[in-house]
Structure formats: C-alpha cells, structure tokens
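Peer 1: got a sequence here, can you model it:
(one chain, ligands or ions: 1)
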Amino acid sequence: MAELAPYAISEVNSRGRRIAEEAPCGRSQFQRDRDRIIHSGAFRRLEYKTQVFVNHEGDLFRTRLTHSIEVAQIARSIARRLRLNEDLVEAISLAHDLGHTPFGHAGQDALNACMKEYGGFEHNLQSLRVVDLLEERYAAFDGLNLCFETREGILKHCSAINAVKLEGLGERFLHNRRPSLEAQIANLADEIAYNNHDMDDGLRSGLIELEQLATVPLVATHLHEVRTAYPDLPERRVVHETVRRMINTLVSDLIRQSERNISAHGLSNIEDVHTAPVMIAFSAEMIEQQRALKNFLHTHLYRHYRVMRMSSKAQRIISELFAIFMQDVRLLPPPFQRQAEQERARAVADYIAGMTDRYAIREHRRIFAVEEVLA
Ligand code: MG
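Peer 2: This is a model prediction of the structure:
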C-alpha cells in the first residue's frame with residue numbers, strides 16, 4: 001500500500017483508546033476496531049433492520065447490513081486513492097449505522113418524538129452509545145473501547161447540548177473544527193451508497209420506473225450511454241450497468257474535487273485538517289446533479305403511498321411500545337428493568353433502538369395481541 005499522506009490519521013497521531021490496551025499484534029489499531037465492530041451483536045442485527053424496505057418485503061432489498069458494507073467498499077476506494085487511512089474509513093463505515101432503530105427513518109423519527117422530553121433520540125449518538133457502552137462483550141470494559149478517531153467518525157452530527165456532555169469527542173462541534181478526512185469520506189460514501197442503492201431497490205420494487213428516472217440528469221446521461229452501447233440488454237442489466245456507472249462517476253468526481261481542495265489549502269498535517277473547511281467534497285456540478293436525484297427519490301420513492309403506509313405502521317409500533325414500557329417497566333426484560341431504575345426513558349429507548357424490524361413486530365404482538373396468551 002502507498003505511504004499515507006501526512007494529513008492522514010495514523011497510529012502515530014491517533015488520540016488512542018479511552019482505556020489503554022496493549023498494542024495489537026499483526027494488525028493495526030484501526031483494523032482491530034473494524035474487527036471488534038464486525039464481531040459485535042449490534043452489527044449482526046443490522047441484517048434485519050430496514051434501509052427503505054422492511055426486511056420481510058423481499059430478499060434482494062438492501063438492509064442496514066448490506067448498506068454498511070457498500071458504504072465501506074466505496075469509502076475504502078476513495079481513501080486508498082487519496083492515501084488516507086483505509087482501515088479507519090472501513091471501521092467508521094461499518095459502524096456508522098449501529099445505533100439505527102428498526103424501520104429506518106420512520107423508526108428514528110418516532111423514537112425521537114417519544115424521547116422529546118427526555119433528551120431526544122438521535123441515531124448517530126446512539127451508534128456511539130452502542131460502541132462506547134451498550135455492547136457487553138469484553139472483560140475489561142463496557143462497549144468496544146474503540147480509538148478516538150473511529151468514535152469521532154461515527155458521531156457525524158451532534159447538538160451543542162449533547163456535545164458538552166461528550167468531552168473530547170464533542171469539542172469539534174463547540175469549536176467549529178472539522179473531523180478527520182477519513183470521517184469526511186465515510187460521510188459522503190454513505191450518501192453515494194444510499195442514493196444509488198435506493199434507486200436500484202426502488203426500481204426492483206416497481207414503485208418507480210426507469211423512464212421516470214430518465215428525467216434526472218445524472219441517470220439520463222448514464223442510461224443513454226448504456227442503451228447506446230448495448231441496445232438489446234435486458235432491463236435489469238441496464239439498471240445495474242447504469243447504477244455502477246453512476247457510482248463510478250460520483251466517486252471519481254469526489255476524488256478529483258477533494259484532491260483540488262487539499263492542494264489549494266496546502267494541508268500538511270492533521271491539525272490543518274481540523275481547522276480547514278470540509279475538504280472531501282463533490283464538485284459544484286455534481287452536488288447539483290445529486291440534489292436532483294435526491295429530490296426525485298424523496299418525491300417518488302420515500303413518499304410513495306406504499307412506503308408511507310409501512311412508515312405509519314412502523315411509527316405506531318414504536319410509539320406504542322415506548323408508551324407501554326414507560327407506563328410499566330416490569331414488562332421490560334430484566335437487564336433493561338435494572339437500567340430503568342436509573343433512567344427509565346433512556347433504558348426504554350436503548351431497548352427499542354436495539355430491536356430488529358421483525359423483533360419489534362413480534363414484541364408488539366406479544367404485548368398487545370390478546371390471542372398471545374403466553375408472551
Ligand atoms: Mg447510512
């Protein structure tokens with residue numbers, strides 16, 4: 001592998017782990033972080049959590065797990081080209097959605113509304129809570145005891161109120177400093193991944209059609225190229241070929257623009273990264289093109305009546321579970337009951353956020369369905 005750029009995160013400039021540990025043998029500190037994430041329970045649960053389509057709607061749709069793997073793939077390609085820390089971007093990407101609730105954004109919004117009077121619920125912060133606290137696997141510490149830079153990358157956004165409570169990790173939100181370039185990459189790789197795979201899943205579901213999408217310039221250009229070069233290609237292959245070219249275009253644009261930004265600002269070390277503006281970025285033209293795609297997906301997919309029906313069911317499941325557990329903590333499994341003695345609402349939120357889609361549906365049935373005698 002090429003030598004890391006001087007402004008990359010490395011083991012030398014890393015701020016280390018909260019609890020000091022012996023250096024790993026035969027792998028880097030950030031590889032160790034990635035390995036801990038992959039072995040966590042929260043990571044395995046991503047397999048049964050919704051991205052857009054609820055898990056039982058079809059076997060080929062993305063889940064949070066396959067989404068996270070796609071993000072990691074895109075992020076690593078970008079990091080390697082920019083001579084940044086590939087292991088770190090991989091760890092951040094695989095962990096970025098660990099705190100996501102069941103049922104995608106509908107679930108997150110519902111839980112946030114339930115938690116309004118108790119400090120709110122934000123999935124970035126919850127991902128951090130998972131890796132810092134909720135995973136119970138290691139003898140010597142709670143959570144996964146990840147490196148500062150991995151945790152920093154997971155915490156994409158944070159309100160000032162919460163930033164104050166987070167000490168070192170919250171500083172950048174209070175002092176207007178940027179996270180590592182590796183964190184910036186994971187953030188945009190997330191965007192590239194979901195725009196493209198949501199389009200692909202939307203087409204597969206039949207909720208949107210290719211001809212409609214041809215009104216979006218980014219799609220139109222690549223679709224036209226594919227159809228011209230391969231006039232007889234079956235539709236599914238046209239879709240895949242178009243999506244793969246779109247991802248390529250976005251990734252190449254991002255690399256080119258970021259290189260330009262980095263050299264224009266003359267970055268020479270990690271401190272420069274923290275004080276410079278955001279360096280990892282698309283060109284102005286590509287931002288515009290992506291915006292048109294996002295707008296399309298919002299109007300035609302995320303707000304499609306069939307998606308809305310599922311979201312509405314999901315919101316009801318989450319808010320009813322929240323209400324009943326708040327009313328009677330004796331319905332919670334014992335470990336959460338113990339936590340609820342200290343912080344009732346947060347314990348309920350941790351329990352609900354950890355659920356997979358199907359677990360939440362089953363739990364709701366176990367508690368509310370009269371025919372379920374032995375819950
Ligand atoms: Mg994501």
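Peer 1: any idea of the mean pLDDT for the strand or helix carrying residue 245?
Peer 2: In this structure, residue 245 sits in helix 235-264 according to DSSP states H and E. Per-residue pLDDT over helix 235-264 has a mean of 97.
Peer 1: which is the next helix or strand following it?
Peer 2: helix 270-275.
Peer 1: list the buried residues in that next one.
Peer 2: By neighbour count on 16 or more other CB atoms under 10 Å, the buried set for helix 270-275 is 270, 272-274. C-beta here means a position set from N, CA and C on the backbone, and glycine is covered the same way.
Peer 1: again with stretch 189-196
Peer 2: Quick answer for stretch 189-196 (16+ other CB under 10 Å): 189-196.
Peer 1: for stretch 325-332, same thing?
Peer 2: Those would be 325-326, 329, 331-332, for stretch 325-332 by 16+ other CB under 10 Å.
Peer 1: go on, stretch 351-361?
Peer 2: Quick answer for stretch 351-361 (16+ other CB under 10 Å): 351-357, 360-361.
Peer 1: near the ion, list only the ones from those.
Peer 2: Contacts with the ion within the buried residues of stretch 351-361, counted by CB under 5 Å from the ion: none were found.
Peer 1: now render these as a markdown table, adding secondary structure and pLDDT.
Peer 2: Converted to a markdown table, these look like this (DSSP: H, G, I helix; E, B strand; the rest coil; pLDDT from 0 to 100):
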| residue | secondary structure | pLDDT |
| --- | --- | --- |
| 351 | helix | 98 |
| 352 | helix | 98 |
| 353 | helix | 97 |
| 354 | helix | 96 |
| 355 | coil | 97 |
| 356 | coil | 95 |
| 357 | helix | 93 |
| 360 | helix | 96 |
| 361 | helix | 94 |
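Peer 1: pull the residues that contact the one helix or strand residue 348 maps to.
Peer 2: Counting by DSSP H and E, the element that carries residue 348 is helix 344-354. Contact with helix 344-354 is made by 42, 45, 99-102, 111, 114-115, 117-119, 121, 123, 126, 129, 134, 318, 321-322, 325-326, 329, 332-333, 336-337, 339-340, 360, as judged by CB atoms under 8 Å, 6 or more residues apart in numbering.
Peer 1: if you set the cut-off to 7 Å instead, what comes out?
Peer 2: 45, 99, 101, 111, 115, 118, 121, 126, 134, 318, 321-322, 325-326, 329, 332, 336, 339-340 (CB atoms under 7 Å, 6 or more residues apart in numbering).
Peer 1: rewinding a little: just the ones of the buried residues of stretch 325-332 in helices?
Peer 2: With helices taken from DSSP state H, the overlap with those comprises 325-326.
Peer 1: and of the buried residues of stretch 325-332, the nearest to residue 208?
Peer 2: Residue 208 has its nearest neighbour among the buried residues of stretch 325-332 in residue 325, at 37.1 Å by CB to CB.
Peer 1: any idea how the chain splits into domains?
Peer 2: Per automatic domain parsing, the domain ranges recorded for the chain read 29-307, 308-374.
Peer 1: pLDDT and distance to the ion for the buried residues of stretch 325-332 - can I get that in TSV?
Peer 2: TSV is the format used below for the buried residues of stretch 325-332 (pLDDT from 0 to 100; distance: CB to the ion, whole Å):
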residue	pLDDT	distance to the ion
325	98	27
326	97	29
329	95	32
331	96	31
332	96	28
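Peer 1: turn the buried residues of stretch 325-332 into a markdown table, including distance to residue 163.
Peer 2: As requested, the buried residues of stretch 325-332 are arranged in a markdown table below (distance: CB to CB, whole Å):
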| residue | distance to residue 163 |
| --- | --- |
| 325 | 28 |
| 326 | 27 |
| 329 | 30 |
| 331 | 34 |
| 332 | 30 |
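Peer 1: which one is residue 329 nearest to, not counting chain neighbours?
Peer 2: For residue 329, ignoring the flanking residues on the chain, the nearest one in space by CB to CB, 6 or more residues apart in numbering is residue 340 at 4.4 Å.
Peer 1: residue 106 contacts residue 315, correct?
Peer 2: Yes. Using CB atoms under 7 Å, residue 106 is in contact with residue 315, at 5.5 Å.
Peer 1: and the residue nearest to residue 329, that's in a strand?
Peer 2: No. Read with DSSP: H, G, I helix; E, B strand; the rest coil, residue 340 is helix and lies in no strand.
Peer 1: from residue 330, how far out is it?
Peer 2: 9 Å (CB to CB, to the nearest Å).
Peer 1: quick revisit: look at residue 106 and residue 315 and report which has more neighbours.
Peer 2: residue 106 (25 against 18; other CB atoms under 10 Å).
Peer 1: where does the more buried one fall, secondary structure wise?
Peer 2: helix 104-114.
Peer 1: just checking, what packs against that helix?
Peer 2: If you count contacts as 3 or more CB pairs under 7 Å, 6 or more residues apart in numbering; DSSP states H and E, helix 104-114 packs onto helix 305-327, helix 344-354.
Peer 1: deepest in the core, which of the ones you listed is it.
Peer 2: helix 344-354 (a mean of 22; mean count of other CB atoms under 10 Å).
Peer 1: output that helix as PDB, nothing but the C-alphas.
Peer 2: The C-alpha trace of helix 344-354 is given here as PDB (Å, rounded to 0.1, in the frame of the first residue of the first chain):
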ATOM      1  CA  ARG A 344     -36.400   5.000  32.600                       C
ATOM      2  CA  ALA A 345     -36.800   6.700  29.200                       C
ATOM      3  CA  ARG A 346     -33.200   6.000  28.100                       C
ATOM      4  CA  ALA A 347     -33.500   2.400  29.000                       C
ATOM      5  CA  VAL A 348     -36.700   2.000  27.000                       C
ATOM      6  CA  ALA A 349     -35.100   3.800  24.100                       C
ATOM      7  CA  ASP A 350     -32.000   1.600  24.200                       C
ATOM      8  CA  TYR A 351     -34.200  -1.500  24.200                       C
ATOM      9  CA  ILE A 352     -36.300  -0.300  21.300                       C
ATOM     10  CA  ALA A 353     -33.400   1.000  19.300                       C
ATOM     11  CA  GLY A 354     -31.600  -2.300  19.600                       C
END
